[in-house]
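>>> dropping a prediction and its sequence here:
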Amino acid sequence: MGKLFGTDGVRGVANIELTCEIAYKLGRIGAYILTNGKKKAKIVVGKDTRISGDMLEAALISGILSAGSDALIVGVVPTPAVAYLTRKYGADAGVVISASHNPVEYNGIKFFNKDGFKLPDEVEDKIEEYILNGKDIEALPKGNEVGRKIEVEDAVKDYAEFLKSTIDVDLTGMKIAMDCGNGASYMAAPAILKELGAEVKVLNHNPNGLNINYKCGSTYPEVIKNFVIENSADIGLSFDGDADRLIAVDEKGNIVDGDKIMAICGSYLMQEGKLKDNTIVATVMSNIGLEKALKEFNCNIVKTKVGDRYVLEKMKEKGYILGGEQSGHIIFLEHNTTGDGLLSALQLLSVVKKKNKPLSELASIMKVYPQVLKNAKVSNDKKKKYMEDEVIASRIKEIEEKMHGEGRILIRPSGTEPLVRVMLEGTDIKVLEKYAIELVELIEERLK
């Protein structure tokens with residue numbers, strides 16, 4: 001697999017790239033490094049619904065036990081539940097087996113430290129160094145020093161109780177449609193909303209190991225859009241396979257993405273005096289409409305590189321409590337340490353209930369500007385040199401001046417492919433298409 005850890009743990013095609021051998025080593029070496037060799041440490045282990053989860057779980061647990069740590073098995077739970085339960089159970093680390101929104105043939109392994117945060121690069125690098133160089137830890141426990149596998153029966157219930165405690169309203173009178181993506185939220189999400197008094201209509205909540213994310217969930221928002229309209233629901237909620245992201249739909253069938261959810265919740269928190277420094281953290285890919293909407297409330301926005309880990313880093317650094325991505329990864333840091341689709345849903349529903357307004361009206365504070373995204377094919381060694389080229393830089397400046405502050409250009413190299421991604425935002429989609437094609441051709445010509 002080359003380098004093991006990507007931007008969100010270790011991922012690959014299960015049993016081909018992400019093998020049982022790698023899972024075992026991740027369990028063994030990860031447990032040792034994350035607990036500093038502590039004897040009888042506790043590590044929470046969760047997974048999503050994909051078929052390869054059982055296979056990788058068995059290997060991962062074997063590795064954990066072989067290092068002398070106990071494995072607390074919480075079964076099928078959302079990824080953010082593992083982050084929370086690691087803290088709740090006083091565990092030394094947590095690990096989840098999931099490939100999030102990816103197709104069923106993929107799987108992944110992601111660690112959390114004892115505080116429920118994703119691992120910093122240096123810790124991942126240390127684990128990776130052992131595995132890629134064929135090194136092993138010295139721990140060889142025997143007898144009663146070997147770790148135990150401990151099944152936790154109330155994990156979903158504990159997570160549900162935590163989520164319900166984050167809002168102070170009930171949802172009586174609300175009709176909520178929900179797409180669970182045949183993933184990890186299929187038990188918790190419907191149960192929580194029903195317990196809070198909502199009338200719930202659910203689809204894609206019958207996972208069979210193979211149907212996770214298959215033409216459903218947050219990457220297929222048209223599914224929940226149609227379901228809302230068919231059921232005359234007040235709101236629609238759509239989760240991805242591991243339920244760390246949320247895409248919502250208003251009562252008219254309009255999509256309410258991560259940017260709009262942040263605009264709604266951020267402006268509400270600010271009005272309540274609860275938004276630290278009146279600031280939200282987003283990525284450079286967030287729509288320019290979010291910035292303009294927040295400006296109307298005298299709310300600030302800080303932008304980071306693409307990736308929720310960078311959003312979280314900035315939030316922790318400055319103490320901000322709300323941040324996220326257009327894709328629906330939203331972090332309410334006051335409540336949980338990572339993007340949490342169910343938590344985001346409850347925070348959004350709470351605002352809808354307290355404001356006593358339809359979601360369409362609340363979402364109308366933000367106008368979504370059209371976006372055009374094109375890829376320029378360049379060599380890997382030149383993909384970061386686009387701003388060093390005077391011709392490219394000059395043309396970008398000229399186009400931005402023509403937009404008169406009603407649009408922007410974002411150009412960034414792909415992290416994994418020989419591509420430069422060209423994104424334009426503005427008011428006229430045809431003009432954006434024209435400029436995007438022109439810039440792609442210019443970049444390919446200048447950096448070939």
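Received, thanks. Numbering: from 1, shown residues only.

>>> going forward, measure contacts between C-alpha atoms and count neighbours the same way
OK.

>>> what distance do you get for I167 to K353?
11 Å (Cα to Cα, to the nearest Å).

>>> so the two - more neighbours on which side?
A count of neighbours by other Cα atoms under 10 Å puts K353 above the other of I167 and K353, at 18 against 15.

>>> the more buried one is in contact with T172, isn't it?
No. Contact between K353 and T172 fails when scored by Cα atoms under 8 Å: they sit 9.4 Å apart.

>>> tell me how the chain divides into domains.
Domains of the chain are assigned by automatic domain parsing as 5-153, 158-363, 371-446.

>>> dump these into CSV; add mean pLDDT as well.
Compiled in CSV, the domains of the chain are given as follows (pLDDT from 0 to 100):
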stretch, mean pLDDT
domain 5-153, 96
domain 158-363, 96
domain 371-446, 88
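
>>> the stretch 151-300 of the chain: helices as residue ranges?
In the stretch 151-300 of the chain, the helices defined using DSSP state H, counting those that start in this stretch lie at 155-164, 188-195, 221-231, 258-271, 288-296.

>>> counting by contacts, list what the shortest one packs against.
Judged by 3 or more Cα pairs under 8 Å, 6 or more residues apart in numbering; DSSP states H and E, the packing partners of helix 188-195 are helix 155-164, strand 199-203.

>>> now swap in the third one and tell me
Applying 3+ Cα pairs under 8 Å, 6+ apart, we find helix 221-231 packed against strand 175-179, strand 235-239, strand 246-250.

>>> repeat that with 7 Å
strand 175-179, strand 235-239 (3 or more Cα pairs under 7 Å, 6 or more residues apart in numbering; DSSP states H and E).

>>> let's have those in a markdown table, adding distance to D340 and mean neighbour count.
Below are those laid out as a markdown table (distance: least, Cα to Cα, whole Å; neighbours: other Cα atoms under 10 Å):
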| stretch | distance to D340 | mean neighbour count |
| --- | --- | --- |
| strand 175-179 | 15 | 26 |
| strand 235-239 | 10 | 31 |
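
>>> which one of those lies closest to F227?
Nearest of the helices and strands packed on helix 221-231 to F227, taken as Cα to Cα: strand 175-179 at 6.9 Å.

>>> tell me the strands beside that closest one, with direction?
Partner strands and pairing direction for strand 175-179 (DSSP bridges) are strand 199-203 (parallel), strand 235-239 (parallel).

>>> using PDB, write out every CA atom in that strand.
Listed next in PDB are the C-alpha coordinates belonging to strand 175-179 (Å, rounded to 0.1, in the frame of the first residue of the first chain):
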ATOM      1  CA  LYS A 175     -42.300  14.800  10.800                       C
ATOM      2  CA  ILE A 176     -38.700  13.800   9.900                       C
ATOM      3  CA  ALA A 177     -37.600  11.700   6.900                       C
ATOM      4  CA  MET A 178     -34.300   9.900   7.200                       C
ATOM      5  CA  ASP A 179     -31.900   8.000   4.900                       C
END
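
>>> got the angle between that strand and helix 188-195?
Put simply, strand 175-179 runs at 170 degrees to helix 188-195, going by axes from the mean of the first three to the mean of the last three Cα atoms, to 10 degrees.

>>> and the angle from strand 175-179 to helix 221-231?
Relative orientation of strand 175-179 versus helix 221-231 (the same axes, to 10 degrees): 150 degrees.

>>> out of the helices of the stretch 151-300 of the chain, which is the most enclosed?
A comparison of these by mean neighbour count, using mean count of other Cα atoms under 10 Å, puts helix 258-271 on top with a mean of 23.

>>> who's in contact with that helix?
Residues from elsewhere that reach helix 258-271 (Cα atoms under 7 Å, 6 or more residues apart in numbering): 247, 275, 278, 280, 286, 290, 294, 297, 324-330, 348, 351, 362-363, 366.

>>> looking at these, which are in strands?
Secondary structure from DSSP state E places 247, 280, 324, 330 of these in strands.

>>> on that earlier part again, redo the helices and strands packed on helix 221-231 as CSV? Include distance to N380.
Formatted as CSV, those follow (distance: least, Cα to Cα, whole Å):
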stretch, distance to N380
strand 175-179, 39
strand 235-239, 34
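
>>> nearest to G116, of the ones you listed?
Comparing the helices and strands packed on helix 221-231 by Cα to Cα, strand 235-239 comes nearest, at 20.9 Å.

>>> against D381, how distant is K305?
In terms of Cα to Cα, K305 sits 20 Å off from D381.

>>> wait, D250 sits on K357?
No. Here D250 lies out of contact with K357, judged by Cα atoms under 7 Å, at a distance of 11.2 Å.

>>> more neighbours, those two?
Shown here are D250 and K357; by other Cα under 10 Å, D250 has more neighbours (22 against 11).

>>> just checking, next helix/strand downstream of the helix or strand hosting G108?
Per DSSP states H and E, G108 falls inside strand 106-113. Next in sequence after strand 106-113, counting helices and strands by DSSP H and E, comes helix 121-132.

>>> what are the ranges of the strands in the stretch 301-448 of the chain?
Per DSSP state E, counting those that start in this stretch, the stretch 301-448 of the chain carries strands over the ranges 322-324, 330-332, 371-377, 408-413, 419-425.

>>> for K110, find the nearest of those.
strand 330-332 (17.4 Å).

>>> coming back round to it: most widely separated two among the ones in strands among the contacts of helix 258-271?
Taking Cα to Cα as the measure, the ones in strands among the contacts of helix 258-271 have their most distant pair in I247 and I280, spaced 18.5 Å apart.

>>> looking at these two, which is more packed in?
I247 (30 against 26).

>>> next up, the contacts around the more buried one.
218, 237-239, 256-258, 328.

>>> got TSV for those, with distance to S267 too?
Shown next, in TSV, are the contacts of I247 (distance: Cα to Cα, whole Å):
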residue	distance to S267
S218	24
L237	20
S238	22
F239	23
V256	15
D257	16
G258	14
G328	17
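
>>> and of those residues, the nearest to Y186?
Ranked by distance to Y186 (Cα to Cα), the contacts of I247 are led by F239 at 9.5 Å.

>>> check contacts around that closest one.
Counted by Cα under 7 Å, 6+ apart, F239 has contacts 179-181, 217-218, 245-247, 341.

>>> closest to P413 among those residues?
Once Cα to Cα is applied, the member of the contacts of F239 that ends up nearest P413 is R245, at 24.6 Å.
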